[in-house]
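**Student:** mind folding the following:
(one chain, ligands or ions: 1)
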Amino acid sequence: MKLFSIFQMGPIELKNRLVMAPMTRCRANNDNTPNDLMTTYYQQRCEAGLIITEGTSPSPNGLGYARIPGLFNQQQVDGWKKVTDAVHEKGGKIFMQLMHTGRVSHPDNMPEGSEIIAPSAIAMTGEMYTDKNGMQVYPVPKAMTITDIEKTQQEYIYAAENAIEAGFDGVELHGANGYLIDQFINTASNIRVDAYGGSGKYRCRFAIEVATKVAAAIGRDRTGIRLSPYGAFNDMEVFPELEETYEYLASELGKLRLAYIHIVDHSSMGAPPVSDAVKSKIRDAFGGVIIASGGFDKELAETALENGVGDLVAFGRPFLANPDLVKRFQEDIALNAPDFDTFYTPGEKGYTDYPTVEE
Ligand SMILES: Cc1cc2nc3c(=O)[nH]c(=O)nc-3n(C[C@H](O)[C@H](O)[C@H](O)COP(=O)(O)O)c2cc1C
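**Tutor:** Got it, this is the predicted structure:
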């Protein structure tokens, strides 16, 4: 099967086409440093052709959720180094997902001295979980000034350099699911009237600048990006000329010759469908490696690879619940079901205790 064949992604050889999708698991220490439990979790899943880590913040300002890791200080670099060593030791490859939460945040989750920033001062609807005080209403974020934008882009660069120092094979910029980069792209969260808002082209500027700068710092073939056209998560909306906007963005990212675009389709999780048309527009405009994700099983993945929908296929919940997913697929062994109640709870339960076939 194509799924189990080697794939050469620029300078990086992947032992198969199965990618472990990025998944926030909220198992980091309270001070947002990675720990040995996380090392175990990622090492258990090292048979993936490529692991993409949970969303990890490039800045104290991007730590919107409780117990998510960062990659902006030495302690975090040292912690992540243990993770990459453990994965490499077993022949795996691992990219760091850089996720700045922007307005998807609450002060109760954030370190002292940080601030909640976003393209525009528009709050999310509803409430979010905090360890300190339970459910809390989303606050109105501060609209980023040009200085904030420059500073934040610099933080992405430092974090990407830290990722390389920590031994990662590359980074994935989280441009999907309503987090900071997506907040710039989407009209629901961006009503700016300067060079970073207004037309689709201007709303893509932040994404393109971050990608350009990170690629220049660590190498274009070590820099990927995740995008979610038609994504509805975190209050994102379908906006006019959506497909043209993503086509433009993909063509600009193609000029940068990034390592890949990772396309999210969360229709299997209740989000609006992502048309084949927009997926192929992105693929054609980009002209590079595409990772398909969302709702795949072994058969659907093989079909997607055969039809050229993607070069690689990412699996989220199946990898979460099956450390030996590759073996189970290869030998047609039934999968463990994911336990939703322990997706984001601290400790090893529902994290490192999913059994392998042998166990
Ligand atoms: C517990 C959990 C946490 C997630 N966290 C992230 C994240 O940090 N970054 C991201 O881009 N997507 C995140 N996702 C989305 C997954 O990467 C993936 O797109 C989604 O689960 C659909 O794929 P699946 O059907 O294979 O599970 C998360 C999904 C789950 C289930």
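**Student:** which one is Tyr65 nearest to, not counting chain neighbours?
**Tutor:** Once flanking residues are discounted, Tyr65 sits nearest to Asn109: 5.8 Å by Cβ to Cβ, 6 or more residues apart in numbering. No exception for glycine: its C-beta is placed from N, CA and C like everyone else's.
**Student:** scratch that, Thr356
**Tutor:** Nearest non-adjacent residue to Thr356 (Cβ to Cβ, 6+ apart): Asp324, at 4.3 Å.
**Student:** for this protein, which segments are assigned as strands?
**Tutor:** 7-9, 12-14, 18-20, 50-56, 94-98, 117-118, 127-130, 134-137, 142-143, 170-175, 223-227, 260-264, 289-293, 312-315 (DSSP state E).
**Student:** for the ones you listed, which one ends up most surrounded?
**Tutor:** The highest average neighbour count among those, using mean count of other Cβ atoms under 10 Å, belongs to strand 170-175 at a mean of 29.
**Student:** sheet partners, orientation included, of that one?
**Tutor:** In the sheet, strand 170-175 lines up against strand 94-98 (parallel), strand 223-227 (parallel) (DSSP bridges).
**Student:** just the CA atoms of the first one, as CSV, please.
**Tutor:** By that I understand strand 94-98. The C-alpha coordinates for strand 94-98 follow below in CSV (Å, rounded to 0.1, in the frame of the first residue of the first chain):
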residue,chain,number,x,y,z
ILE,A,94,9.0,15.1,14.6
PHE,A,95,7.8,18.7,13.7
MET,A,96,6.8,21.2,16.3
GLN,A,97,3.4,22.9,15.8
LEU,A,98,3.7,26.6,16.7
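**Student:** isn't Asp235 right next to Ser189, touching?
**Tutor:** Yes: in this structure, Asp235 is within contact of Ser189 by Cβ atoms under 8 Å, at 7.1 Å.
**Student:** what is the neighbour count of the residue nearest to Thr356?
**Tutor:** Neighbour count of Asp324, defined by other Cβ atoms under 10 Å: 22.
**Student:** return the nearest residue of the protein with respect to the ligand.
**Tutor:** Scanning the chain for the residue nearest the ligand gives Gly316, at 2.7 Å (criterion: Cβ to the nearest ligand atom).
**Student:** pLDDT wise, what is that residue at?
**Tutor:** Per-residue confidence for Gly316 comes out at a pLDDT of 98.
**Student:** likewise the one 4 residues further on?
**Tutor:** At Leu320, the pLDDT value in this model is 98.
**Student:** if we can go back for a sec, higher neighbour count, Asp235 and Ser189?
**Tutor:** Ser189 (28 against 18).
**Student:** which one is that one nearest to, not counting chain neighbours?
**Tutor:** Gln183 (4.0 Å).
**Student:** I'd say that neighbour and Gly102 touch.
**Tutor:** Yes: counting by Cβ under 8 Å, Gln183 does reach Gly102; the two are 4.8 Å apart.
**Student:** which one of the two has more residues nearby?
**Tutor:** Set side by side, Gln183 and Gly102 show more neighbours around Gln183, with 29 against 26, by other Cβ under 10 Å.
**Student:** list the contacts of the more buried one.
**Tutor:** With contact set as Cβ atoms under 8 Å, 6 or more residues apart in numbering, Gln183 has these partners: 102-103, 118-119, 189-190.
**Student:** one more: Asn336?
**Tutor:** 321-322, 354-355.
**Student:** in ChimeraX, select just the buried ones from those.
**Tutor:** Remark: buried members of the contacts of Asn336, expressed as a ChimeraX selection using 16 or more other Cβ atoms under 10 Å:
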select :321,322,354
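**Student:** would you turn the contacts of Asn336 into TSV with distance to the ligand?
**Tutor:** Putting the contacts of Asn336 into TSV (distance: Cβ to the nearest ligand atom, whole Å) gives the following:
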residue	distance to the ligand
Ala321	10
Asn322	11
Tyr354	13
Pro355	19
